[in-house]
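[1] How does the following fold in three dimensions:
(one chain, ligands or ions: 3)
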Amino acid sequence: MKDGRVNPSHRLEHQGIEGLGHVFYNQLEPALVEAALKRGEGTLGKGGSLLTTTGRHTGRSPKDKFVVRTPSVEDTIWWENNAPMTPEAFDRLYLDMLAHMKGGDYFVQDLYAGAEPEHRLDVRVVTELAWHGLFIRHMLRRPERSELDDFIPEFTIINCPSFKADPERHGCRSETVIALNFDKKLILIANSAYAGENKKSVFTLLNYILPGKGVMPMHCSANHAIGDPDAAAVFFGLSGTGKTTLSADPSRTLIGDDEHGWSERGTFNFEGGCYAKTISLSRDAEPEIYATTEKFATVIENMIFDPETLELDFEDASLTANMRCAYPLDYISNASTTALAGHPKNIIMLTCDAFGVLPPIARLTPAQAMYHFLSGFTSKVAGTERGVTEPEPTFSTCFGAPFMPRRPEVYGKLLQEKIARHGATCWLVNTGWTGGAYGTGSRMPIRATRALLTAALDESLNEVQFRRDPNFGFEVPVSVPGVADVLLDPRQTWADGAAYDAQAQRLVNMFADNFAQYVPHIDAEVKAAAIG
Ligand SMILES: Nc1ncnc2c1ncn2[C@@H]1O[C@H](COP(=O)(O)OP(=O)(O)O)[C@@H](O)[C@H]1O
Ligand SMILES: C=C(OP(=O)(O)O)C(=O)O
Ligand SMILES: [Mn+2]
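    Ligands and ions are numbered 1, 2, ... in the order given. Below you'll find the model as predicted:
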């Protein structure tokens, strides 16, 4: 059937969304690629990939994200971090958007978020762009075709990039808006074609819902030892810290690259696909991710290519440094088929330190891990958020403040309990600068980071000698096979030791200033782990 597959009584009309042109339900990848091409949304690339561009928005717009302030969420939302929208403004936005959408063709994908059936969220994503339908089909988890007949969406996302919001009328900040309404179970996205808004909206929903079920939602990638799902590792980190790159380790089984839950049973991916940055992606260093750029239906976003040969230019950042490719997990040969694993044995907190102060790896006590989780330090790298053009030091709690609807302590306590109960070992890994700060030093070599992670995960790192870092109090290995000793002690990588000490002191002060806000909410042990 040309409409695709849907239970007739679950069509959009039954949700009050009427008057659209043709609605294509749950189309498969070939039909979505064909539709995108026919509608002029993109170009067919090598291997049948889909080459698309997003126009002005090439990254997320965190300042344009709003939560509708209704009584049911009044006491649970962390309002200092989530901009409120009135229910009336949301209703106007919704009606105006529906009026705008009248007569237009739309694409609907009914998908699961969450590989663990008990904690799964059923979401319907309605998109103006066929390629957004393809994107979210890659990113989330696909019901069996027969399951679609019983699919009842719990939340619905409507993404209409051609609609421009009116700040006066809609209570928002600009023409771009991402509005979450937990009462109406609706998310509206307007005036941005950056595909990442779709997936990070679903993440925000789960970050709200899951803590209430005792499940810890995590902005992290995850993998496990080949053949041993009980030897799982998770890699927390803000954008650009290396979640996607480091989890796609050929010597381990990939569970997922960005969003996971930690339940009573273990680790599970929320998603079913990956969204990798492609800037300077190297065929040699990252063959698995590179290969996906030449596979059927991979969505390639904002990359420059040769119009004749379709050869991608991985170095041309003229559209954005945040160029991406989106593909289903099974395009990576060593990916898990279930996207499930046991309780994490190792928890890695990734940070990209542009000051060049933090060591490439440090072992954390559980209290130090909580301190770093609440701090969420990194340097934002150009691209993923609008207006960030060079590394900018930032503290983003839970390694994902833009996606956290609840207060940081909620996530902190859940994580703390789970770490204690399951005895996970925690590490801080700096994938940022070494040999000096940004501008003087250079980015940590990926092979060094990988060697250190391998040693941490195969537990050989626990055999080496550690020193205590005088500034941060955590333990740092002195010597690790396969990694130059000098790299392990950042002070030694700097030309001027006194300059390092001064920079380290500045960073310690930044940590201390930022952490003051959490002190009233933490226990004595975490207080004792605070620095500065
Ligand atoms: N030592 C390193 N570890 C991880 N990534 C690195 C390192 N050095 C450079 N990079 C680059 O940094 C980027 C990390 O981005 P990515 O893995 O997409 O992060 P995330 O998924 O956390 O947003 C990639 O472009 C990667 O090639
Ligand atoms: C898709 C995103 O995630 P990440 O950069 O962490 O891969 C994003 O932040 O828009
Ligand atoms: Mn990523």
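
[2] remind me which residues of the stretch 301-450 of the chain are low pLDDT?
    382-385, 387-390 (pLDDT under 70).

[3] Where do the strands of it begin and end?
    304-305, 312-313, 324-328, 340-341, 344-351, 362-364, 377-380, 392-395, 425-430, 433-434, 442-443 (DSSP state E, counting those that start in this stretch).

[4] Near G227, how many other residues are there?
    7 (other Cβ atoms under 10 Å). Where you see a C-beta, it was placed from the backbone N, CA and C, and this is true even at glycine.

[5] got the contact list for the residue lying closest to it once chain neighbours are set aside?
    Among residues not flanking G227 along the chain, T253 sits closest, at 8.0 Å (Cβ to Cβ, 6 or more residues apart in numbering). Contact analysis of T253 by Cβ atoms under 8 Å, 6 or more residues apart in numbering lists 223-227, 229, 334-336.

[6] Is it possible to mark the buried ones in those?
    Buried members of the contacts of T253, scored by 16 or more other Cβ atoms under 10 Å, are 223-225, 229, 335-336.

[7] Farthest-apart pair in those residues, please.
    A225 and A335 (14.2 Å; Cβ to Cβ).

[8] for the one residue in the stretch 201-350 of the chain that gets nearest to ligand 2, phi and psi?
    Closest residue of the stretch 201-350 of the chain to ligand 2, Cβ to the nearest ligand atom: S239 (3.2 Å). Per-residue torsions, S239: phi -60, psi 130 (degrees, to the nearest 10).

[9] T53 too?
    Dihedral angles (degrees, to the nearest 10) for T53: phi -130, psi 160.

[10] thinking again about what came up before, wait, the residue of the stretch 201-350 of the chain closest to ligand 2 sits on K380?
    Yes. S239 lies in contact with K380 (Cβ atoms under 8 Å); the separation is 7.1 Å.

[11] show me the contacts for the residue in the stretch 51-200 of the chain positioned nearest to ligand 3.
    Nearest to ligand 3 in the stretch 51-200 of the chain, going by Cβ to the ion, is G196, at a distance of 9.3 Å. Residues near G196 by Cβ under 8 Å, 6+ apart: 59-60, 275, 324, 384.

[12] quick one: which of the buried ones among the contacts of T253 is nearest T292?
    When the buried ones among the contacts of T253 are compared against T292 (criterion: Cβ to Cβ), the nearest one is A335, at 10.9 Å.

[13] What segments of the stretch 401-532 of the chain are helices?
    Using DSSP state H, counting those that start in this stretch, the helices of the stretch 401-532 of the chain run over residues 408-422, 446-457, 485-488, 490-493, 497-515, 524-529.

[14] from the buried ones among the contacts of T253, which is closest to L28?
    Taking Cβ to Cβ as the measure, L28 sits nearest to A335 out of the buried ones among the contacts of T253, at 20.1 Å.

[15] Looking at the strands of the stretch 301-450 of the chain, spot the one closest to ligand 3.
    strand 324-328 (8.8 Å).

[16] Which of S239 and K380 has more residues huddled nearby?
    The neighbour count for S239 versus K380, taken as other Cβ under 10 Å, is higher for S239 (26 against 22).

[17] Quick check: can you list the domain ranges of the chain?
    The chain is divided into the following domains under the TED database: 2-41+57-213, 275-331, 345-529.
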